[in-house]
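Trainee: any chance you can model this:
(one chain, ligands or ions: 1)
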Amino acid sequence: MTDEETWGPRPLPDVSPETERYWAAASEGTLLLSYCSACDLYIYHPRARCPDCFEETEWAESSGDGTVYSFSVAERMEGWPEEDLPLVVAYVELDEGPRVMTNIVGCDPDEIAIDDSVSAVFRQTEEDDVAVPVFQPS
Ligand SMILES: [Zn+2]
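Mentor: Sure thing, here's the model as predicted:
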């Protein structure tokens, strides 16, 4: 699902040929991971080769569901709009295994706890085919 809020005016992510498809899928509401069939390992951030065995990875769709592994609340953030602070910076452990560094949105930062269930929502950027996944309590 795509969030009604947009990503702008926050800084745009770095889109490389390796990650283009990841950002484009996000703009359609799908969180993509890389998957190594040799290691049976899901990988985030997506990459063309497995960091363990260097085999080529394939794309895999994540459920977008996970739990809060750790988080901190930033009162200030360079280049970040003031109305979007405080910003909750978190590691979310996806149900598929990998941990994603992300933001938690749509909740009071004081209410967030380790192991809370969260799910991905996507914020569209000013680029048509680039959206950024963030997480909200589920
Ligand atoms: Zn591997």
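Trainee: CA only for contacts and neighbour counts going forward, please
Mentor: OK.
Trainee: can you list the residues of the protein near the ion?
Mentor: Residues of the chain found near the ion (C-alpha under 5 Å from the ion) are Cys36, Cys39, Cys50, Asp52, Cys53.
Trainee: now these: which count as buried?
Mentor: Burial by neighbour count, judged by 16 or more other C-alpha atoms under 10 Å, picks out Cys36, Cys50 from these.
Trainee: out of the residues of the chain next to the ion, which is nearest to Pro17?
Mentor: Distances from Pro17 to the residues of the chain next to the ion, taken as C-alpha to C-alpha, are shortest for Cys50 (16.7 Å).
Trainee: go ahead and confirm the closest one touches Ser37.
Mentor: No - applying C-alpha atoms under 8 Å as the test, Cys50 and Ser37 come out as separate, 9.4 Å apart.
Trainee: overlap in contacts of those two?
Mentor: Thr57 (C-alpha atoms under 8 Å, 6 or more residues apart in numbering).
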